[in-house]
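> Okay, here's the prediction I keep looking at, along with the sequence it came from:
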Amino acid sequence: LNGLVGRDFIPPDDQSELTMVFDSPVGTSLEGTARIATQLAERTQQQRGVEFVWASVLNQDNHGQLYIRLADSSKRKFSSGDVANDIRRILAEPAYRDLRALVLMPSPLGSGVDYGTIRPLILGPDFFRAVSIGEQATSELRKVTGLVDVSAEVNLNNPELQVHIDRQRASDLGVRAADVANAVRLMVAGTDRISTYKEGAEQYDVTMQLTPEQQRNTRILARLMIPSSKVGQVRLDNIATLARGMGPTIIDRYNRQFQVALTANNSAGLSFDSAVREVSAAIEKVPHPGYSVKFTGTVKILDETTRSLMVAFLLACIFMYMVLAAQFESFLHPFTIMLSLPLSIPFALLTLWATNRTLNLWSALGVFLLLGIVEKNGILQVDYMNRLREQGMPLREAILQANHVRLRPILMTTLSIVAGLIPTALGIGAGATQRSAIAATIIGGQTLCLLLSLLITPVVYSVFAELGEGGMVGRVRTPLRRLRVSLARFLSFPSPEI
């Protein structure tokens, strides 16, 4: 069942808005990027369900963003994911194939959260080798059905002027590589302060650089004078050669290794954990000896959340057993009551599979709530069976009568819980996707588990009761009474009479 259901961190929610981010080719001017953004906004505005589009150019000349506002979900018969697929078809046209674009849905956790993106990192000792592996892996990922917005977050097409220093000649003339770098940076970047200028109460830094035309002229740059410890000054072209080339826009590192990040999103027909497995399998097809793959972002958060939920489940079971053991003064009756807990898990997964949902953060919270709701049925049964046996009724008659009497309150509470959660499970209104996952898990798990627990709890009680009559209860009664009194004092409740 766990393999059929699939896992996710947070299910996508239709919030009637989308965001598209894109990078135009390196070297595109600000006006060129703005022109592309305007064209995409006009095309997007014509799509179904779109109310308005706001385009902007951010951070750098070749980076743009479109905010897309959709009509309210109650006014359309299609989801925001369908609109996102329509926009992706526009981006697949030949006119926009040079763009590196992503269509993102807003995160239910708020702005600034990278929701749903699968982000593996290629890590290794050589940057350009990692880039090559990343490009081959990207080609493999594009072949996977269900993956969209596949791209590599690296660009080697940034035009640059490369200064190749003749180390031996520079050493003979007493020129250091750092002096060459400082001189070139001073004339090209213009970020070094050479003086200050004061006007009234204000003081300004004075910087110096070549004009843009001179910066692009290699013959002018070659005449730069570099300080020398032996001959005073040396022209740059005496110790180095200048050539135009292409290079990366940025070099990232992770844990002291070069990194190349890949990104991909899963479509509605592919669960998140299945998409992660597909990505891992596609990357493994590319030989990468000496290089490793590490998942970050949502994949890492999902793994951490899964481990935390498992620990929380185990701790909840331990504390539940301690309280029940102290309450019933038995080591066996808590097992009878808690037997419904492992039964509720597969029924909850079966409900998620039947309703085409994933095991995510919200449905996992529904499972936790289900544990407490299911357990109270066993408490009602065992408590009344114990009471009848204390009155001297034989074991078989006590089990039959107790379950007949407790059937009505168990059915009443179950039906009231199910009826109260039906409106939430229907998923009507904004943000309903998150709430409906919890409600559907409780409804299905409680209904299915009820039928089995009503039969199994009496049978297990009879088996444990026969074991208890063999003398096991008498040996543990005294420490259990002490534990019960200690818990009552700790919780500031009146101690029961013993």
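Okay, I see it.

> rest of the way, CA atoms for contacts and neighbours
Fine.

> would R89 count as being in a helix?
Yes: counting by DSSP: H, G, I helix; E, B strand; the rest coil, R89 is part of a helix.

> where does it sit relative to R435, distance-wise?
32 Å (CA to CA, to the nearest Å).

> Of these two, which one has the most company?
R435 (19 against 10; other CA atoms under 10 Å).

> In this structure the more buried one contacts P423, no?
No: R435 is not in contact with P423 according to CA atoms under 8 Å; the separation is 10.2 Å.

> where in the stretch 101-250 of the chain is pLDDT low?
108-116 (pLDDT under 70).

> Run through the strands of it in chain order.
Assignment of strands within the stretch 101-250 of the chain using DSSP state E, counting those that start in this stretch yields the ranges 117-124, 147-152, 158-165, 193-199, 202-207, 225-228, 232-235, 240-247.

> Neighbouring strands - and their directions - for the first one?
Partner strands for strand 117-124, per DSSP bridges, with pairing direction: strand 257-266 (antiparallel), strand 292-297 (antiparallel).

> Can you identify each of the helices in the stretch 201-350 of the chain by residue range?
212-215, 218-221, 236-239, 272-284, 298-328, 333-338, 340-354 (DSSP state H, counting those that start in this stretch).

> Please apply the same query to the stretch 51-200 of the chain.
Using DSSP H, counting those that start in this stretch, helices in the stretch 51-200 of the chain cover 80-91, 127-141, 167-172, 177-188.

> show me what contacts the closest residue to H288 other than its chain neighbours?
Ranked by CA to CA, 6 or more residues apart in numbering and with sequence neighbours excluded, the top spatial neighbour of H288 is I133, at 6.8 Å. Taking CA atoms under 8 Å, 6 or more residues apart in numbering, we find I133 in contact with 122, 286-288.

> What subset of these is buried?
Buried residues within the contacts of I133, counting neighbours by 16 or more other CA atoms under 10 Å: 122, 286, 288.

> quick one on the thing from earlier: return the subset of the contacts of I133 lying in strands.
Among the contacts of I133, the residues falling in strands (DSSP state E) are I122.

> now the contacts of I133 in TSV, with distance to L1?
Compiled in TSV, the contacts of I133 are given as follows (distance: CA to CA, whole Å):
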residue	distance to L1
I122	33
V286	32
P287	34
H288	34
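
> Return the member of the contacts of I133 nearest to S16.
Closest approach between these and S16, by CA to CA: I122, at 34.7 Å.

> Can you tell me how far the closest one is from P289?
When I122 is compared with P289 (using CA to CA), they lie 11 Å apart.

> tell me the mean pLDDT for stretch 78-94?
Average pLDDT, stretch 78-94: 87.

> Offset the numbering so it begins at 92, please.
From this message on, residue numbering opens at 92, which makes the last subject stretch 169-185.

> contact partners of that stretch?
105-109, 134-135, 138-140, 161, 164, 187-188, 190, 192, 194, 359.

> How about stretch 264-278?
With CA under 8 Å, 6+ apart, stretch 264-278 has contacts from 256, 261, 282-283, 299-301, 306, 315-322, 325, 327.

> redo that, cut-off 7 Å
Here stretch 264-278 makes contact (CA atoms under 7 Å, 6 or more residues apart in numbering) with 261, 283, 299-301, 317-322.

> Which one (most neighbours) among these?
I317 (22 neighbours).

> Hmm, that one is touching Q324, no?
Yes: with contact defined as CA atoms under 7 Å, I317 reaches Q324; the gap is 5.4 Å.

> Return the set of buried residues in stretch 286-300.
Buried positions in stretch 286-300, judged by neighbour count with 16+ other CA under 10 Å: Q300.

> now swap in stretch 172-190 and tell me
By 16+ other CA under 10 Å, the buried positions in stretch 172-190 come out as 172, 174-175, 178-179, 182, 190.

> Go through the residues you listed and say which is closest to E466.
E466 lies nearest to G172 out of the buried residues of stretch 172-190, by CA to CA, at 38.9 Å.

> and the helix or strand harbouring I533, average pLDDT?
If you go by DSSP states H and E, I533 is part of helix 523-558. Averaged over helix 523-558, pLDDT sits at 82.

> Tell me which of the helices of the stretch 292-441 of the chain lies nearest to I470.
Among the helices of the stretch 292-441 of the chain, the nearest to I470 by CA to CA is helix 424-429 (6.1 Å).

> So which other helices or strands are in contact with the closest one?
helix 389-419, helix 452-481, helix 523-558 (3 or more CA pairs under 7 Å, 6 or more residues apart in numbering; DSSP states H and E).

> Thought F438 was touching L92, still the case?
No: with contact defined as CA under 7 Å, L92 does not reach F438; the gap is 9.3 Å.

> between the two, which one's more packed in?
F438 (21 against 14).

> quick one: that one from L405, how far?
Distance from F438 to L405, by CA to CA: 19 Å.

> again, but for N447
Counting by CA to CA, the gap from N447 to L405 is 27 Å.

> again, but for A510
From A510 to L405 the distance is 30 Å (CA to CA).

> and if you look at S553?
Taking CA to CA, one finds S553 at 27 Å from L405.

> Next: G323.
From G323 across to L405, the span is 75 Å (CA to CA).

> tell me the phi and psi of the residue of the chain positioned farthest from its centre?
Centroid-distance maximum for the chain: V322 at 60.2 Å, with CA atoms, centre = their mean. Here is the backbone geometry of V322 (degrees, to the nearest 10): phi -120, psi 10.

> So what's the residue count around the residue nearest to it when sequence neighbours are not counted?
Leaving aside its sequence neighbours, V322 sits nearest to L264 (CA to CA, 6+ apart; 6.9 Å). Residues lying near L264 (other CA under 10 Å) number 18.

> try the one 4 residues further on
Using other CA under 10 Å as the criterion, A268 is surrounded by 14 other residues.

> again, but for Q305
The burial count assigned to Q305 is 14, neighbours taken as other CA under 10 Å.

> ok, it - contacts?
Here Q305 is in contact with I311 (CA under 7 Å, 6+ apart).

> If we use 6 Å, what do you get?
Going by CA atoms under 6 Å, 6 or more residues apart in numbering, Q305 touches no other residue.

> Let me see the confidence value for the closest residue to D189 other than its chain neighbours.
Residue nearest to D189 in three dimensions, not counting chain neighbours: P116, with 6.6 Å by CA to CA, 6+ apart. You'll see P116 listed with a pLDDT of 81.

> thinking again about what came up before, can you tell me which of the contacts of I224 lies nearest to S431?
Closest to S431, out of all of the contacts of I224 and judged by CA to CA, is I213, at 45.4 Å.

> L353 is in contact with that closest one, correct?
No: counting by CA atoms under 6 Å, I213 does not reach L353; the two are 7.9 Å apart.

> Distance of the most centrally placed residue in the chain relative to E108?
For the chain, the residue sitting closest to the mean C-alpha position, by CA atoms, centre = their mean, is T389 at 2.0 Å. Separation of T389 from E108 (CA to CA) stands at 21 Å.

> ends of stretch 311-319, how far apart?
By CA to CA, one end of stretch 311-319 lies 20 Å from the other end.

> ok, residues contacting it?
Residues from elsewhere that reach stretch 311-319 (CA under 6 Å, 6+ apart): 265-266, 324-328.
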